[in-house]
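1. I'll drop the sequence and a predicted model, then ask my questions.
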Amino acid sequence: MEKQAFDIDVALERIEQAVQPWPKAALFQLAEEGYTSVFEQLLACMISIRTYDEVTLPVSRTLFARARTPASIGQLSWEELDALISPSTFHERKAQQILAIAQQVETQFGGVLPGDRDVLLSFAGVGPKCANLVLGVACGTPVISVDIHVHRVTGRWGYVKGSTPEKTLSALEATLPQAYWITINRLLVPFGKHICTGNRPKCSTCPVLDMCRQVGVDEHR
């Protein structure tokens with residue numbers, strides 16, 4: 001197949017339609033359900049680390065049904081919090097980190113976590129990917145969150161070249177129109193899970209096959 005020039009506007013418009021049948025990425029789904037505060041989004045993002053969305057969503061809902069503010073989280077014992085988030089990976093460490101964050105938000109910020117990247121990154125357990133995702137979803141701040149799906153898909157397209165998610169982030173910041181900085185994660189998480197998969201991607205049903213360079217794809221469906 002002769003490849004067309006890659007048009008990000010067309011690609012994301014097509015992908016928007018293609019991912020409609022599948023569940024939304026966890027933090028975007030939780031935001032739609034009303035969990036929109038910076039604190040709630042941060043906790044959900046921490047729960048999601050090394051954890052499938054299929055687990056993150058019910059665990060976050062269970063936690064928020066019990067407590068959703070720094071004050072109410074801070075009143076839980078470690079044992080209570082750990083039990084609430086126990087289906088997530090590394091839950092013991094996460095429970096400790098979440099309690100420390102809740103107490104710090106209460107004492108330093110009057111119970112309201114600001115949408116400030118430096119503040120988020122100052123917390124143990126919070127890295128750039130998580131901070132950017134929280135700021136994008138909770139605050140609408142134009143930042144790019146590069147997870148494994150965004151890293152793999154944009155590299156496979158040939159749209160950017162980055163050997164690590166961090167390098168892909170820098171490349172996307174220089175290339176991707178800012179209007180798509182939040183959208184890229186929302187779209188490419190379900191797209192990467194269901195079409196542009198890590199192994200044997202479903203190229204035969206891909207809506208952007210005519211533009212994709214299929215970098216590194218040796219076998220596909």
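-> Yep, that arrived.

2. Please make it C-alpha for all contacts and neighbour counts, starting now.
-> OK.

3. Can you list the residue ranges for helices in the protein?
-> Remark: helices assigned in the chain by DSSP state H are 8-18, 26-32, 38-48, 53-66, 70-74, 78-84, 91-109, 117-121, 128-134, 148-157, 165-175, 183-194.

4. Okay, buried residues for the fourth one please.
-> The one in question is helix 53-66. Neighbour-count burial for helix 53-66, counted by 16 or more other CA atoms under 10 Å, picks out 53, 55-57, 59-61, 63-64.

5. now swap in the last one and tell me
-> Counting neighbours by 16+ other CA under 10 Å, one finds that the buried residues in helix 183-194 are 183-192.

6. quick revisit: would you turn the helices of the chain into TSV with mean pLDDT and distance to Cys203?
-> Formatted as TSV, the helices of the chain follow (pLDDT from 0 to 100; distance: least, CA to CA, whole Å):
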stretch	mean pLDDT	distance to Cys203
helix 8-18	98	13
helix 26-32	97	25
helix 38-48	98	28
helix 53-66	97	24
helix 70-74	97	45
helix 78-84	98	40
helix 91-109	97	36
helix 117-121	97	37
helix 128-134	95	27
helix 148-157	97	11
helix 165-175	96	22
helix 183-194	96	11
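
7. closest one to Asp218 among the ones you listed?
-> Closest approach to Asp218 among the helices of the chain is made by helix 148-157 (11.3 Å; CA to CA).

8. what residues does that closest one touch?
-> 160-162, 164-165, 168-169, 184-185, 188-189, 192-193, 196, 198, 211-217 (CA atoms under 8 Å, 6 or more residues apart in numbering).

9. at 6 Å instead, please
-> If you take CA atoms under 6 Å, 6 or more residues apart in numbering as the criterion, helix 148-157 is touched by 161, 165, 188-189, 192, 212-215.

10. quick one: which of these is nearest to Asp116?
-> Using CA to CA, Pro165 comes nearest to Asp116 of those, at 21.8 Å.

11. can you give me the offset of stretch 214-221 from its chain's centre?
-> 25 Å (CA atoms, centre = their mean, to the nearest Å).

12. Buried residues in that stretch, which are they?
-> Gln214.

13. Same check on stretch 140-158?
-> For stretch 140-158, by 16+ other CA under 10 Å, it's 141-147, 149-158.

14. ok, now stretch 110-128?
-> Buried, per 16+ other CA under 10 Å, within stretch 110-128: 111-113, 115, 117, 120-121, 125-126, 128.

15. What is the most widely separated pair among the residues you listed?
-> Gly111 and Pro128 (22.7 Å).

16. what's the distance between the closest residue to Ile195 other than its chain neighbours and Val217?
-> Leaving out its chain neighbours, the residue that sits closest to Ile195 by CA to CA, 6 or more residues apart in numbering is Lys202, at 5.1 Å. Here Lys202 is placed at a distance of 11 Å from Val217 (CA to CA, to the nearest Å).

17. Nearest residue to the middle of this structure?
-> Leu133 (5.4 Å; CA atoms, centre = their mean).

18. Skipping its backbone neighbours, what lies nearest it in space?
-> Looking at Leu133 with CA to CA, 6+ apart, the closest residue is Ser145, at 5.2 Å.
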